[in-house]
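Student: Using only what follows, build the 3D model:
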Amino acid sequence: MSLRLSQAQTVLVVAGALLLLTNLYLGISYLAAQDQKGRLASQYRTLERSLERLVAAWEAGPSGDLDAGAPAFPKNPPGLELTDLALRAARETGVEVLGLHTSAVGAEQIGGGTYRVVKVSLRLRADPARLAAFFERVERAATPTMVFDNVDVVRGDETWEASLELLAYAQAA
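Tutor: Predicted coordinates:
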């Protein structure tokens, strides 16, 4: 006994197979999108909390601990304190440090002035929420003249890698 299909039946079988494959593709795409939606929702909640804190701080106005007579830049740049701050923040937030390089005190021309600068170069790996927590912790604990520079973030499936420099400025010698 041989199975012979008419031309119409063959077209229907091929169309059914194509619809089945399309359904399978759409189902897999939907599951992947749902997973991404969950991760984005978590990131959104983290960013929303950070924004709420920033708005509250902005509405509270400047803190009373600013001294108008104090120099804008400290006399001495931080030494190992900046490196210690970065490593402590990484440990406390669960960020993996892939690389660390500290530069000696150098000079940098900014506008019409020359300032002493200490640079800590870092390579980090963590999920986005932990990286955001690291940046927030460093920013909160740092001196007012510390900045993040040359920040480069590479997104991965589960974790992201960030390369950055922490620069701390002080008065010229």
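Student: Can you give me the buried ones in stretch 99-116?
Tutor: 115, 116 (16 or more other C-beta atoms under 10 Å). Backbone N, C-alpha and C define where each C-beta goes, glycine included.
Student: Does residue 124 touch residue 96 like I think?
Tutor: Yes. At 6.7 Å, residue 124 counts as touching residue 96 under the criterion of C-beta atoms under 8 Å.
Student: which neighbours do these two share?
Tutor: Residues within reach of residue 124 and of residue 96 at once, by C-beta atoms under 8 Å, 6 or more residues apart in numbering, are residue 90.
Student: neighbour-wise, which of the two wins?
Tutor: Shown here are residue 124 and residue 96; by other C-beta atoms under 10 Å, residue 124 has more neighbours (25 against 13).
Student: check which helix or strand covers that one.
Tutor: According to DSSP states H and E, residue 124 maps onto strand 113-126.
Student: Check residue 54 too.
Tutor: helix 7-60.
Student: which helices and strands does that helix pack with?
Tutor: helix 128-141 (3 or more C-beta pairs under 8 Å, 6 or more residues apart in numbering; DSSP states H and E).
Student: Name the residues that touch the helix it packs on?
Tutor: Outside of helix 128-141, the residues within contact range by C-beta under 8 Å, 6+ apart are 42-43, 46-47, 50, 85-86, 89-90, 92-95, 124, 126, 146, 148, 153, 160, 162, 166.
Student: Check which element follows that helix along the chain.
Tutor: Criterion used, DSSP H and E; the element after helix 128-141 is strand 146-155.
Student: partner strands of that next one, parallel or antiparallel?
Tutor: Paired with strand 146-155 in the same sheet, following DSSP bridges, are strand 160-170 (antiparallel).
Student: Buried residues, the partner strand. List them.
Tutor: For strand 160-170, burial by neighbour count (16+ other C-beta under 10 Å) applies to 160, 161, 162, 164, 166, 167, 168, 169, 170.
Student: leaving aside the residues next to it on the chain, what's closest to residue 165?
Tutor: Nearest residue to residue 165, sequence neighbours excluded (C-beta to C-beta, 6 or more residues apart in numbering): residue 149, at 4.5 Å.
Student: Compute the distance between that neighbour and residue 46, please.
Tutor: Residue 149 is 23 Å from residue 46, where distance means C-beta to C-beta, to the nearest Å.
Student: Which residues does the residue nearest to residue 79 when sequence neighbours are not counted form beta bridges with?
Tutor: Spatial nearest neighbour of residue 79, excluding adjacent residues (C-beta to C-beta, 6+ apart): residue 118 at 7.2 Å. According to DSSP bridges, the partner residues bridging residue 118 are residue 168.
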